[in-house]
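J.: after the sequence you'll find the predicted model.
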Amino acid sequence: MKKIISIIMSFAIILCSAFFCDFTSYAFKQESDVEPTRLGSSQTYYSFNAKTKTITISGEGATPDLRNSGDSQPWYSWRSDGSVENLVVEEGITYIGNYMFYNTFFYSVSLPSTLKKIGTYAFSGVSTLAQLKLPKGVEIISDYAFYRCRKLVSAAIPDSVISIGANAFDTCSSLENIEFENMNMPVSIGKKAFYNCAALTEVTVPKGAKLSKDNSCFGYYKTNNGDNVYSSFVMNVYRDSDAYSYAFFNSDINYNIIGDMNISEGETVNRTFYSDSVDDAMMFYFTPAYTDNYKFYSAGNVDVDCILTDSAGDGIAENKDVSLTDSNFYILEKLNAGETYCFTVSSFKSTGDFSVTLYPAEIESLNFDFDTEFSCSDVVSGKFNVLRKITGKEIEVVYKRGFTETVTFENNKSFYEYKMAYTDDQNKNMWLCGNHTVAISFGDVSEKFNDISENFNVTVNHSYVETVVEPTLKTDGYSSYRCYYCGDTYKDNFNDRLGVRFCGKAVLMENPQGECKENLPLPDIKVTADGETVFTTNETGEFEFYVLPGVREISFGGNSEVTRKIIMESSDEKDIDLGNVAICSFDYNRDGYINAKDFAVNNYSEDKKYWKYADNFFAYGKIDESIYNNI
């Protein structure tokens, strides 16, 4: 009985599922617009247009990582009920976060050129999306990014992608076509990246691809009973690739070896001839966007031959090795825009690695950043050799349309048909300390192409010899530096002088009160410091002397002057200006009294401008010593 009831209940559940499986999801259908709303604490926003059923992501930088829950994903309750049909992610967005559009039903997706990374489960379960074209610039497709996108038929992978994570396209059961933009792109493909893709029967894997080592990137799907089957899956691989090893060691996978690939201007492709592929020809197809001169050349350790043919298969040019000392070829030809050309490279029965490179032939400039500083001691010792110092350094060759190539510089050596050269003017001018101009050129010596040179400066730094000058009572100490090569000098490391500088002016005291309004200078006044004569004033009465710091008794006097004493103390001061020091010049016998005898023998008795002040002292009495000894 219980068994019968269980069967009936199971049947009822199945019927309910058939008729009402989407009932709850349609209960929250979004029919009104949503104004731009910040996503978490990021600088990104989402909005919704109900009429066009479009979610728009705008702002700058990375969107936040979300969770598969209603309190995290803003459109969780109406993501799969038919409310949404389109997604537009605007320019400026660099990262689509984890679970951002998990189980959201989009029919069209527009992604920006600024996008760099797609997070884990970001588009997982978008089972309505049929076509996917990732923008140029995307670098990382994270694990499970497009897991269970069951209606996805094709995916275009740009050559900017460097990583496709584990299970990234797992269970995309309708996926028929994976188109990698560049067969030379170095993309890493993770475990089960294209697992359980039943409709994927053929894939061409880039030569530069690195595949997960567990042999589950491509090729099988699970049947209803859980068996892994390969069906008619085929991998198209390059003989010298990781994908070849993947297919070769997986006995259940059929594979085809391909030898041709497209090449773009500014691109280098690495290839290898093995013992079992030594008779194979490797073809590189190029369709120029511009009518221009192009150079196609090789490098490596295998002898090869190259034939250039046009779209009709007619031969245009052929070249083997450019010299007997290497294993390279070089072809320079003018090619027409829009026409497809084929460079066919064959081995001369030798195995090994080689590379081919395609560039516009015209060089626009050179860039280099050499260490070009020398000391003049290098010049004197014979170590000054700019050419020797830059030989072996790298220079960047900038071709037309901005393509760049790094080349090792060696004077008078040719990089294929481009000769490198170094020049300077040392034979015209002797190089001393300072900046000097040299030039490097990279171009054809026959001037088939213009020689391009970029000037740069070589600096010869001074080599100075130091002479230490110790400080004295009157003068500062310092270090003197002189370049023994060019004679340039300078001073540095100054030390203050040892002495304190006293200065001032001896002037005539005009009255017993010590005034000196006219400031008449007194020459021949002896200035003493602690009893030692340090200066005798000149015609201007000015004095200047130096003494060690401390308390000093300074005296001013002469043959007919009343001695005037000043007590001064100096510590941190280095310059002390005493100003005008008034001195009585009429007391010949130095008794403090000014009388007729003093005037008669005074030095200034015949000078009216001095003598006119005599009356101020005559019969005054004894002059107060404080006037003499204090300023």
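T.: Happy to help now that I have it. Numbering: from 1, shown residues only.
J.: touching, residue 384 and residue 460? I think so.
T.: Yes: with contact defined as C-beta atoms under 8 Å, residue 384 reaches residue 460; the gap is 7.4 Å. Where you see a C-beta, it was placed from the backbone N, CA and C, and this is true even at glycine.
J.: and those two? which has more neighbours close in?
T.: A side-by-side neighbour count of residue 384 and residue 460, using other C-beta atoms under 10 Å, places residue 460 first with 23 against 18.
J.: pull out the buried positions in stretch 487-506.
T.: 498-502, 504-506 (16 or more other C-beta atoms under 10 Å).
J.: show me where the stretch 301-450 of the chain has strands.
T.: Using DSSP state E, counting those that start in this stretch, the strands found in the stretch 301-450 of the chain span residues 304-309, 315-319, 330-335, 341-347, 352-360, 363-367, 373-375, 394-399, 404-408, 414-415, 418-424, 434-443.
J.: could you export those as JSON lines, including distance to residue 296 and mean pLDDT?
T.: Below are the strands of the stretch 301-450 of the chain laid out as JSON lines (distance: least, C-beta to C-beta, whole Å; pLDDT from 0 to 100):
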{"stretch": "strand 304-309", "distance to residue 296": "7", "mean pLDDT": "93"}
{"stretch": "strand 315-319", "distance to residue 296": "9", "mean pLDDT": "94"}
{"stretch": "strand 330-335", "distance to residue 296": "5", "mean pLDDT": "94"}
{"stretch": "strand 341-347", "distance to residue 296": "6", "mean pLDDT": "94"}
{"stretch": "strand 352-360", "distance to residue 296": "5", "mean pLDDT": "92"}
{"stretch": "strand 363-367", "distance to residue 296": "16", "mean pLDDT": "84"}
{"stretch": "strand 373-375", "distance to residue 296": "39", "mean pLDDT": "77"}
{"stretch": "strand 394-399", "distance to residue 296": "13", "mean pLDDT": "89"}
{"stretch": "strand 404-408", "distance to residue 296": "13", "mean pLDDT": "91"}
{"stretch": "strand 414-415", "distance to residue 296": "14", "mean pLDDT": "86"}
{"stretch": "strand 418-424", "distance to residue 296": "14", "mean pLDDT": "86"}
{"stretch": "strand 434-443", "distance to residue 296": "18", "mean pLDDT": "82"}
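J.: gap between the spatially most central residue of the chain and residue 391?
T.: The centroid of the chain falls nearest to residue 369 when counting by C-alpha atoms, centre = their mean (13.5 Å). Applying C-beta to C-beta, to the nearest Å, the value for residue 369 to residue 391 is 15 Å.
J.: before we move on, the earlier item: shared neighbours, residue 384 and residue 460?
T.: Common contacts of residue 384 and residue 460 (C-beta atoms under 8 Å, 6 or more residues apart in numbering): 374, 378, 431.
J.: look up phi and psi at residue 614.
T.: Backbone torsions for residue 614, taken as degrees, to the nearest 10, come to phi -60, psi -40.
J.: thought it was touching residue 587?
T.: No: Residue 614 is beyond contact range of residue 587, at 11.5 Å (criterion: C-beta under 8 Å).
J.: and these two? which has more neighbours close in?
T.: residue 587 (21 against 16).
J.: returning to that earlier point: so which of the buried residues of stretch 487-506 are in strands?
T.: Applying DSSP state E to the buried residues of stretch 487-506, the entries found in strands are 500-502, 504-506.
J.: kindly reformat those as TSV containing distance to residue 140 and pLDDT.
T.: Shown next, in TSV, are those (distance: C-beta to C-beta, whole Å; pLDDT from 0 to 100):
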residue	distance to residue 140	pLDDT
500	75	92
501	75	93
502	80	92
504	83	94
505	85	94
506	90	92
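J.: name the nearest of those relative to residue 425.
T.: Within those, the smallest distance to residue 425 is 52.1 Å, found for residue 501 (C-beta to C-beta).
J.: can you pull the contacts of that closest one?
T.: By C-beta under 8 Å, 6+ apart, the neighbours of residue 501 are 474, 544-546, 574-576.
J.: give me that answer again for 6 Å
T.: 546, 575 (C-beta atoms under 6 Å, 6 or more residues apart in numbering).
J.: quick check: the gap between it and residue 287.
T.: From residue 501 to residue 287 the distance is 87 Å (C-beta to C-beta).
J.: give me phi/psi at the closest residue to residue 386 other than its chain neighbours?
T.: Leaving out its chain neighbours, the residue that sits closest to residue 386 by C-beta to C-beta, 6 or more residues apart in numbering is residue 458, at 5.3 Å. Note on residue 458: its backbone torsions stand at phi -110, psi 120 [degrees, to the nearest 10].
J.: what score does residue 458 have for pLDDT?
T.: Residue 458 is assigned 81 on the pLDDT scale.
J.: right, and it touches residue 387 too?
T.: No: between residue 458 and residue 387 there is no contact under C-beta atoms under 6 Å: 10.4 Å.
J.: okay, these two: which has more neighbours?
T.: residue 458 (20 against 14).
J.: let me have the strands of the stretch 301-450 of the chain in CSV, adding mean neighbour count and distance to residue 83 as columns.
T.: CSV is the format used below for the strands of the stretch 301-450 of the chain (neighbours: other C-beta atoms under 10 Å; distance: least, C-beta to C-beta, whole Å):
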stretch, mean neighbour count, distance to residue 83
strand 304-309, 20, 56
strand 315-319, 14, 59
strand 330-335, 17, 53
strand 341-347, 20, 52
strand 352-360, 19, 50
strand 363-367, 17, 54
strand 373-375, 17, 68
strand 394-399, 17, 52
strand 404-408, 13, 49
strand 414-415, 16, 62
strand 418-424, 18, 62
strand 434-443, 17, 62
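J.: of all the ones you listed, which one is nearest residue 205?
T.: strand 352-360 (19.8 Å).
J.: and which of the ones in strands among the buried residues of stretch 487-506 is nearest residue 412?
T.: Closest to residue 412, out of all of those and judged by C-beta to C-beta, is residue 501, at 66.5 Å.
J.: hey, what's the closest one bridged with?
T.: For residue 501, the beta-bridge partners are residue 546, residue 575 (DSSP bridges).
J.: over to the one 5 residues further on?
T.: In this structure, residue 506 has the following beta-bridge partners (DSSP bridges): residue 581.
J.: contacting residues for it?
T.: 522, 525, 537, 541, 556, 581, 583.
J.: sorry, back to before: for the strands of the stretch 301-450 of the chain, which one sits closest to residue 210?
T.: Using C-beta to C-beta, the nearest of the strands of the stretch 301-450 of the chain to residue 210 is strand 352-360, at 17.2 Å.
J.: ok and that closest one relative to strand 341-347, angle-wise?
T.: Relative orientation of strand 352-360 versus strand 341-347 (axes from the mean of the first three to the mean of the last three C-alpha atoms, to 10 degrees): 160 degrees.
J.: dump strand 352-360 to PDB, restricted to CA.
T.: C-alpha atoms of strand 352-360 as PDB (Å, rounded to 0.1, in the frame of the first residue of the first chain):
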ATOM      1  CA  GLY A 352      65.500  22.700 -34.400                       C
ATOM      2  CA  ASP A 353      63.700  25.900 -33.300                       C
ATOM      3  CA  PHE A 354      63.300  29.000 -35.300                       C
ATOM      4  CA  SER A 355      61.100  32.100 -35.300                       C
ATOM      5  CA  VAL A 356      59.600  34.300 -38.000                       C
ATOM      6  CA  THR A 357      58.900  38.000 -37.600                       C
ATOM      7  CA  LEU A 358      56.900  40.400 -39.800                       C
ATOM      8  CA  TYR A 359      57.300  44.200 -39.500                       C
ATOM      9  CA  PRO A 360      56.700  47.200 -41.600                       C
END
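J.: beta partners of residue 477?
T.: So, taking DSSP bridges as the rule, residue 477 has residue 495 as bridge partners.
J.: show me the contacts for it.
T.: Counting by C-beta under 6 Å, 6+ apart, residue 477 has contacts 469-471, 495.
J.: same check on residue 188?
T.: Here residue 188 is in contact with 163, 210 (C-beta under 6 Å, 6+ apart).
J.: next secondary structure element downstream of the worst-scoring helix or strand of the chain on mean pLDDT?
T.: Lowest mean confidence among the helices and strands of the chain (mean pLDDT, DSSP states H and E): helix 2-20, at a mean of 44. Next helix or strand after helix 2-20 toward the C-terminus (DSSP states H and E): strand 34-38.
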